[in-house]
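A.B. asks: mind looking at a prediction? Sequence and model below.
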Amino acid sequence: MIEALGLGKRYGDFTAVQDLSFCVRPGEVLGLVGPNGAGKTTSLRCLAGIIPATAGTVRIAGHDIALDPVAAKRALAFFPDEPRLFDYLTVRQHLAFVARIYGVDRHEEIAAPLLDELEIADKADELPGELSRGMRQKLAIACGLLHHPRVMFFDEPLTGLDPLGIRRMKDSILKRARDGAAIVLSSHLLHLLEEVCSHVLILKCGRKLAAGTLPDVVAQFSAGETDVSLEDVFIRATGGSER
Ligand SMILES: Nc1ncnc2c1ncn2[C@@H]1O[C@H](COP(=O)(O)OP(=O)(O)OP(=O)(O)O)[C@@H](O)[C@H]1O
């Protein structure tokens, strides 16, 4: 569903991501982890076609993101850590606007349960300026889910949410995975990733250090010890340092 082959991104002379290959199948949730500056956001943006990769290929639901971007983007949703909304559209108008762009018929029938699930139904007629940060984030998520994306990229989706919001967001992500979505999730909240991710990919300096199912990657860095957490693995794999 998500296939990256030899993905690379340079900003001028600086190589932010190099030779990244992996695959996420329907129902899988891949946790993308790495120190600050490791290349997580850059990778997610290349995967979603927001910025062009400088090497390699990305296929989303079988469509090459560079050669057939509209078909690829129809199948995906990208959720940035900072929600970007329209100041003068209400919650309801955001959903109507996004539905028009994606050609979603009778969007109200999809939007209503989404707003309930995300607990912002009572804010339907409010503007972004009248919402809290967490609520703005939930609105951005509702907009992204409206067209039933089969592929989802979340960049730090839990920032700004309260503990109950985090729990609900985890449940929402797991529900979409159970329904067959392929999901990539970047976060520094490793104990939360442990509860959501089936797979993990550790990046450092733009390169893949380890990848596989969560138990396999943990086993790779546990040297026979039991009760090794993803946080322990992260520190061991990355050498406890930044780039
Ligand atoms: N537009 C840009 N121009 C030049 N360099 C950039 C640009 N965006 C990111 N970089 C650099 O690319 C590297 C990777 O950045 P990126 O934001 O992808 O890291 P990250 O893993 O998401 O980090 P964090 O955990 O801090 O969010 C960093 O060294 C960053 O300075």
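C.D. replies: All right, it came through fine. Residues are numbered from 1 along each chain as shown.
A.B. asks: and the longest helix for the protein?
C.D. replies: In the chain, taking DSSP state H as the definition, the longest helix is helix 163-178.
A.B. asks: Three-state assignment for the spatially most central residue of the chain, please.
C.D. replies: Ranked by distance to the mean C-alpha position of the chain (CA atoms, centre = their mean), the top residue is F154 at 1.7 Å. Of the three states, F154 takes strand under DSSP: H, G, I helix; E, B strand; the rest coil.
A.B. asks: quick check, pLDDT for it.
C.D. replies: F154 is assigned 94 on the pLDDT scale.
A.B. asks: pretty sure it contacts S172?
C.D. replies: No: at 10.3 Å, F154 does not count as touching S172 under the criterion of CB atoms under 8 Å. The way it works is simple: take the backbone N, C-alpha and C, and place the C-beta from them, glycine included.
A.B. asks: picking that back up, so what's the residue nearest to the centre of the chain up against?
C.D. replies: Residues near F154 by CB atoms under 8 Å, 6 or more residues apart in numbering: F79, I173, I183, V184, L185, S186, S187.
A.B. asks: run the last query once more with 7 Å
C.D. replies: F79, L185, S186 (CB atoms under 7 Å, 6 or more residues apart in numbering).
A.B. asks: isn't the last one up against D155?
C.D. replies: Yes: applying CB atoms under 7 Å as the test, S186 and D155 come out as touching, 5.1 Å apart.
A.B. asks: which neighbours do these two share?
C.D. replies: Contacts common to S186 and D155, judged by CB under 7 Å, 6+ apart, are L44.
A.B. asks: quickly list the domain ranges of the protein.
C.D. replies: The chain resolves into domains spanning 2-75+149-238, 85-148 when parsed by automatic domain parsing.
A.B. asks: what's the separation between E195 and T41?
C.D. replies: Using CB to CB, to the nearest Å, E195 is found at 22 Å from T41.
A.B. asks: with neighbour numbers in mind, choose between those two.
C.D. replies: Just comparing E195 and T41: by other CB atoms under 10 Å the higher neighbour count belongs to T41, 18 against 12.
A.B. asks: could you pull out the helices for the protein?
C.D. replies: Using DSSP H, the helices found in the chain span residues 40-47, 69-74, 91-102, 107-117, 133-145, 163-178, 190-196, 214-220, 230-238.
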